[in-house]
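**Student:** based on what follows, work out the 3D shape:
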Amino acid sequence: MAKKILFVGAGAIGSYIGAFLSRAGHDVTLVDPWAEQVEAIRKKGISVTGPHDPFEARPAAVHLNEAQRLPRDFDLAFVAMKVYDTAWAAQVALRHLKPEGFIVASENCWPDPIVASVAGASRSLGLVMSKIGVALWKPGQVERGAEKGQGTGHDVFRVGEHDGRVTARATEVAEMLKVIDGSQVTENLWGERWAKLCANAMGNPVQAMSGLGSFEIASSEVGRAITIHLAAESARVGLALGYRVPKFNSTTAEQWAAADRRDVYESLDRMLTPTTASGRNWRSSMGQDVTKGRPTEIDYMNGHVVAQGRQQSVPTPVSAATVDAVREIDAGTRKPEAQNIERVLRRAGV
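**Tutor:** This is a model prediction of the structure:
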């Protein structure tokens with residue numbers, strides 16, 4: 001059955017998911033404060049490219065200052081903003097839901113408690129997405145850089161309740177998202193969320209501080225070094241918190257956490273080293289933020305790892321130095337350049 005769906009956030013992920021759901025026959029409305037994006041969608045729709053046939057979709061698009069005129073009968077709402085905008089975005093979403101409607105937190109970092117603080121856990125679902133890699137380079141044009149996971153054993157979308165129950169609404173959202181890629185309900189939202197946090201924390205800020213793409217970083221010994229250290233610290237904190245952290249970026253959390261052993265480190269370094277002379281040099285969301293002059297999510301990504309590590313008495317020196325470096329880039333007191341990787345490792349005592 002077609003649903004009436006609100007997206008608060010028409011950036012890369014909101015536009016990509018919204019376009020697919022609109023094409024599938026759902027009644028989709030996108031709200032965003034980015035005026036050029038809203039106008040582009042109104043005039044020409046959303047152009048979608050990626051590891052699939054290109055297509056155009058025509059969802060409704062509304063400027064944020066017009067959102068108060070929307071009806072209050074949406075079945076569900078996806079919050080797809082930067083995580084630091086989650087609270088107000090959830091308030092907008094909640095205002096326009098029908099009484100039994102709910103919010104799907106569709107963001108990086110740790111957004112679910114923020115959404116629950118606004119709507120209550122009973123009206124909140126978490127959506128964890130991995131290896132989807134979308135970008136919005138120009139208004140109205142969204143591109144997916146990652147290959148499809150469907151058919152390769154990887155489910156891009158994991159939908160979960162805060163209490164781990166498998167519910168009808170979680171199942172319905174997971175089924176809905178299968179028009180895009182592999183999708184399932186998870187009974188382990190918090191473990192899945194931490195695994196995605198680890199995957200982001202080991203890559204996004206390295207691109208943000210260096211200005212390099214994913215292939216360039218993996219092709220550099222120092223790039224692989226900081227990647228391994230960030231993954232190891234993040235994994236150790238998640239395990240110390242008691243989360244059941246699934247595999248991320250090709251190996252287990254336990255393997256990443258054991259990177260202080262020389263044999264494990266060398267194995268991880270070999271795994272990360274490219275086997276060809278060229279490859280996809282993708283820009284992460286945080287790398288895109290720096291390029292576009294937007295504030296990054298560093299405090300909510302690696303900063304969250306550092307804060308939780310402090311509470312669990314787990315050292316996170318490379319993560320802490322990374323947070324400091326990206327904050328300096330956000331403040332305009334440091335330029336993104338490749339040399340920042342070595343500076344961060346030195347600052348962390350590595």
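**Student:** the strands in the stretch 101-250 of the chain, which residues?
**Tutor:** Listed in chain order, the strands of the stretch 101-250 of the chain (DSSP state E, counting those that start in this stretch) span 124-129, 134-138, 141-144, 157-160, 183-185.
**Student:** mind giving me the domain split of the protein?
**Tutor:** Here the domain parsing of the chain from automatic domain parsing is 4-186, 195-347.
**Student:** dump those domains to TSV, plus mean neighbour count and mean pLDDT.
**Tutor:** The way it works is simple: take the backbone N, C-alpha and C, and place the C-beta from them, glycine included. Output for the domains of the chain, formatted as TSV (neighbours: other CB atoms under 10 Å; pLDDT from 0 to 100):
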stretch	mean neighbour count	mean pLDDT
domain 4-186	20	94
domain 195-347	19	95
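**Student:** hang on, the earlier thing: what's the closest of the strands of the stretch 101-250 of the chain to Gln288?
**Tutor:** Closest to Gln288 of the strands of the stretch 101-250 of the chain, according to CB to CB: strand 134-138, at 6.1 Å.
**Student:** how close does Ile46 get to Val305?
**Tutor:** 34 Å (CB to CB, to the nearest Å).
**Student:** before we move on, what about Gly164?
**Tutor:** 23 Å.
**Student:** for the nearest residue to Ala35 once chain neighbours are set aside, which residues are in contact?
**Tutor:** Counting by CB to CB, 6 or more residues apart in numbering, Ala35 lies nearest to His63, which is 6.2 Å off, once chain neighbours are set aside. Residues near His63 by CB atoms under 8 Å, 6 or more residues apart in numbering: 31-33, 35, 38.
**Student:** cool, and Val166?
**Tutor:** 185, 187.
**Student:** one more time with 10 Å
**Tutor:** Applying CB atoms under 10 Å, 6 or more residues apart in numbering to Val166 gives the contacts 159-160, 174, 184-187.
**Student:** and what of Gly126?
**Tutor:** Counting by CB under 10 Å, 6+ apart, Gly126 has contacts 103-107, 110-113, 115-116, 158-162, 170, 186, 189-190, 192-193.
**Student:** apply 6 Å and report the result again.
**Tutor:** Going by CB atoms under 6 Å, 6 or more residues apart in numbering, Gly126 touches 105, 112, 160, 189.
**Student:** looks like the last one contacts Gly160 (just checking).
**Tutor:** So the one you mean is Leu189. Yes. Under the criterion of CB atoms under 6 Å, Leu189 makes contact with Gly160 at 3.2 Å.
**Student:** ends of stretch 211-220, what's the gap?
**Tutor:** 14 Å (CA to CA, to the nearest Å).
**Student:** what kind of secondary structure is Asp53 in?
**Tutor:** With DSSP: H, G, I helix; E, B strand; the rest coil as the basis, the three-state label of Asp53 is strand.
**Student:** mind listing what Ala57 touches?
**Tutor:** Counting by CB under 6 Å, 6+ apart, Ala57 has contacts 19, 22-23, 45-46.
**Student:** narrow those to those in strands?
**Tutor:** The members of the contacts of Ala57 that map onto strands under DSSP state E are Ile46.
**Student:** a markdown table for the contacts of Ala57, including distance to Ala225?
**Tutor:** Output for these, formatted as a markdown table (distance: CB to CB, whole Å):
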| residue | distance to Ala225 |
| --- | --- |
| Ala19 | 39 |
| Ser22 | 44 |
| Arg23 | 43 |
| Gly45 | 44 |
| Ile46 | 39 |
